[in-house]
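Visitor: Below are the sequence and a predicted model for it; my questions follow.
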Amino acid sequence: MTSEERLRAAFACEEVDRVPVSPQGFGRVDPKSELGRRLLEETDIHIYTASGLDWFGRKVQAESLSEGNFRTTVWHTPVGEFRATSRTTERTSARVEFPCRRPEDGERFLKVPFELDEDRIREASEEFRRRREELGGRGMVLVEVPDGICLPAELFSPEDFCLLWADAPDLMEALVREGHRRVMEGVKVLLEGGADAFRIIGPEYASTQLGPEAYSRLVVQYDKELVALIKGSGAIAYLHNHGPIMRYLPMIREISPNALDPLEAPPWGDFVPERARELLGEDVCIVGNLDDMEVLGKKDFGEIWRSAERLLRALGPKGLVLSGTASGTYGAKAAENFLMLARRVGG
């Protein structure tokens, strides 16, 4: 099997020639370096491309200004301006000022006329196809798409997002519904453009910040519909959800994605491999569990292999991908451990 065939079969919980060992992207490793080339040739890497989705849409004019490590974007709309600021460091970037601060801002956002930027999404489809051709079967490409809860989670700061659910739950649900509608429109264009594998991000905003009731009301029904659209078109639907996960597995089973990541072990999460199938069922592939930075990036291979063996015993060989925990920042030591793990599993 090629790496792409192996990953597709694993995500579909079908037979594989060996359990895939799959770094999520190249982290801090230069893809053109010798180490990067070895990752591509010897592991089953999977990478993500952008969706082209924009919450403000095609008709809203936006302008950006950079000053030092800060970048401010202003959206000019018929109901007034929205402003956000991001700060960038050597390793990452994060939003430090958000477009909405009060419930009234969320209500104002819903009054902004929206038109899907189909040209931008078609460009994203072209990028997906280009990267897939570039990999040539040596890995797999997935388009990373938000779900509906990402709309309020990206409009409001984490604190204001939590307060919105406490103080104005009806408005929160209205924003999620509108976000979901826009995502569904965008994913249809991506599917038409040839995208055939999707990684859905967003559920963790409910699981880590709001709790089970919010997960049920703001994630399950909407992501279930999104997953059905993707799978109904013959594409892969892969769900991403950081944080403690065990009590959410029955709800994720209802959503019915092909695959789920990253399923962190304690102390970062609460994943128990031996109970996963009981709660999640046999039709969802488990991806991850080996922490990129604290395990793969720091531990000796013997300890890493013991963790991998536990996963293989409890979950393999079908419906399992040995992977990191989606940090996006793993380095050379973790890369070398991925390579050793691939050799051991394949041996």
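Guide: Sure, I can see it. Numbers count the residues shown, from 1 in each chain.

Visitor: check contacts around Asp167.
Guide: Applying CB atoms under 8 Å, 6 or more residues apart in numbering, we find Asp167 in contact with Pro103. Heads up, the C-betas are built off the backbone N, CA and C, glycines and all.

Visitor: correction: Asp160
Guide: Contacts of Asp160 (CB under 8 Å, 6+ apart): 98, 100-102.

Visitor: where along the stretch 101-250 of the chain do the strands fall?
Guide: 139-146, 197-201, 236-241 (DSSP state E, counting those that start in this stretch).

Visitor: Can you convert the ones you listed into TSV and add a column each for distance to Val295?
Guide: Output for these, formatted as TSV (distance: least, CB to CB, whole Å):
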stretch	distance to Val295
strand 139-146	22
strand 197-201	22
strand 236-241	19
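
Visitor: Among the contacts of Asp160, which one sits closest to Val79?
Guide: Proximity of the contacts of Asp160 to Val79 was ranked by CB to CB; the top entry is Cys100 with 12.1 Å.

Visitor: wait, which of the strands of the stretch 101-250 of the chain is closest to Ala259?
Guide: Comparison of the strands of the stretch 101-250 of the chain against Ala259 by CB to CB identifies strand 236-241 as nearest, at 4.2 Å.

Visitor: Could you list every helix and strand that that closest one packs against?
Guide: In terms of contacts (3 or more CB pairs under 8 Å, 6 or more residues apart in numbering; DSSP states H and E), strand 236-241 is packed against helix 3-11, strand 197-201, helix 204-209, helix 221-232, helix 249-255, strand 259-262.

Visitor: now it: mean pLDDT?
Guide: Taken as a whole, strand 236-241 carries a mean pLDDT of 99.

Visitor: what does stretch 3-23 give?
Guide: On average, stretch 3-23 scores 98.

Visitor: starting at the chain centroid, how far to it?
Guide: Mean-position distance between stretch 3-23 and its chain equals 18 Å (CA atoms, centre = their mean, to the nearest Å).

Visitor: which residues are in contact with it?
Guide: 1, 39, 43-46, 135, 137-140, 197, 236, 238, 258-259, 282-285, 287, 312, 316-324, 330, 334-335, 338, 341-342, 345-346.

Visitor: same check, this time on stretch 338-347
Guide: 18-19, 21, 23, 38-39, 42-44, 290, 296, 301, 304-305, 308, 312, 322, 324.

Visitor: Can you tell me how far the residue nearest to Leu7 when sequence neighbours are not counted is from Ala50?
Guide: Counting by CB to CB, 6 or more residues apart in numbering, Leu7 lies nearest to Met140, which is 4.4 Å off, once chain neighbours are set aside. Computed as CB to CB, to the nearest Å, the Met140 to Ala50 distance reads 16 Å.

Visitor: same thing with Glu336?
Guide: For Glu336, the distance to Ala50 - CB to CB - is 29 Å.

Visitor: The two: who's more crowded?
Guide: The residue with more neighbours, out of Glu336 and Ala50, is Glu336; 17 against 14, by other CB atoms under 10 Å.

Visitor: what's the model's confidence in the strand or helix carrying the more buried one, averaged?
Guide: Using DSSP states H and E, Glu336 maps to helix 332-346. Computed over helix 332-346, the mean pLDDT rounds to 97.

Visitor: related to what we said a few turns ago, of the helices and strands packed on strand 236-241, which approaches Leu163 most closely?
Guide: Nearest of the helices and strands packed on strand 236-241 (CB to CB): helix 204-209, 10.7 Å.
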